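[1] Got a sequence here, can you model it:
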Amino acid sequence: MNGRLVNLKSQVRVPRVLLYHKPEGEIVSRDDPDKRASVFEKLPRIHGGRWIAIGRLDFNSCGLLLFTNSGDLANRLMHPRYGLERDYAVRILGELSDEAARRLTTGIEIGDGEARFLRLHDAGGEGANRWYNVTLAEGRNREVRRMFEAVGVTVSRLMRVRYGPIALPPQLKRGQCRELDAAEVGELLKILDRGLPAAAPVA
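    As a prediction, the model looks like this:
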């Protein structure tokens, strides 16, 4: 127009959101002195931006990991003031006593402050291993493991199965990722605007 190039693309773009099923043995970092496998190596290329990890999972943990190209959305999903719940499936060695369970749900000191599970349910198990489903409203470094360690229990496996309104899709295999479509991202944004912790926008 009048000799100038006009960009007809919409200036309002829906953020991109990626779900990744992290296996054990990968780090959530782009730089590692030990040259271990990184989750970023498995993600699709992104043009004109970069993938931002929403929270972390440690090297020995697996499960749902979210990425976005929007710093604002990443902040909304991670900042403690939004109180988004995280669900984990935890396998421990041995059983959890009633007193230990009480301490984990009423508050326990883990070195950088007090922590507690919003919910803790026995999910059964056989032999020396027991499974528990737990829910947190925050995501401090190795928080779930440190909480169990504080009551003298060893976590042998840790898997995140939900982050806020997004659940790990059962069909998403380890090492695979799935990008939400525009409608699903729109629903996620609506849920965050309403402040609701449930109603996953993906199957």
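
[2] Buried residues of the lengthiest helix in the chain, list them for me.
    Ordering each helix of the chain by length in residues (DSSP state H) puts helix 182-194 first. Residues of helix 182-194 classed as buried: 184-185, 187-189, 191-192 (neighbour count, 16 or more other C-beta atoms under 10 Å). (C-beta placed from N, C-alpha, C; glycine too.)

[3] Determine the number of other residues adjacent to residue 129.
    14 (other C-beta atoms under 10 Å).

[4] Spatially, what comes nearest to it if we skip its sequence neighbours?
    Distance criterion C-beta to C-beta, 6 or more residues apart in numbering; nearest residue to residue 129, sequence neighbours excluded, is residue 91 at 5.4 Å.

[5] what's the answer for residue 177, then?
    residue 20 (4.3 Å).

[6] just to revisit the earlier point, among the buried residues of helix 182-194, which pair sits farthest apart?
    184 and 192 (12.9 Å; C-beta to C-beta).

[7] need the helices for the protein, in chain order.
    Using DSSP H, helices in the chain cover 71-78, 98-106, 143-150, 182-194.

[8] Output those helices in JSON lines, with distance to residue 117 and mean pLDDT appended to each entry.
    Formatted as JSON lines, these follow (distance: least, C-beta to C-beta, whole Å; pLDDT from 0 to 100):
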{"stretch": "helix 71-78", "distance to residue 117": "19", "mean pLDDT": "92"}
{"stretch": "helix 98-106", "distance to residue 117": "5", "mean pLDDT": "96"}
{"stretch": "helix 143-150", "distance to residue 117": "7", "mean pLDDT": "95"}
{"stretch": "helix 182-194", "distance to residue 117": "23", "mean pLDDT": "91"}
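
[9] Take these and write them to CSV, including distance to residue 64.
    Below are those laid out as CSV (distance: least, C-beta to C-beta, whole Å):
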stretch, distance to residue 64
helix 71-78, 12
helix 98-106, 22
helix 143-150, 14
helix 182-194, 14
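
[10] Do you know the pLDDT at residue 83?
    pLDDT for residue 83: 79.

[11] Please read the previous query as pertaining to residue 140.
    Confidence score, pLDDT, at residue 140: 85.

[12] Tally up the residues packed near it, please.
    Residue 140 has 15 nearby residues by other C-beta under 10 Å.

[13] and if you look at residue 103?
    Per other C-beta under 10 Å, the neighbour tally for residue 103 reads 16.

[14] Repeat that for residue 161.
    Neighbour tally, residue 161, other C-beta under 10 Å: 14.

[15] and it, how far is that from residue 81?
    From residue 161 across to residue 81, the span is 24 Å (C-beta to C-beta, to the nearest Å).

[16] about what we covered before: helix 71-78 and the longest helix of the chain, what's the angle between them?
    60 degrees (axes from the mean of the first three to the mean of the last three C-alpha atoms, to 10 degrees).
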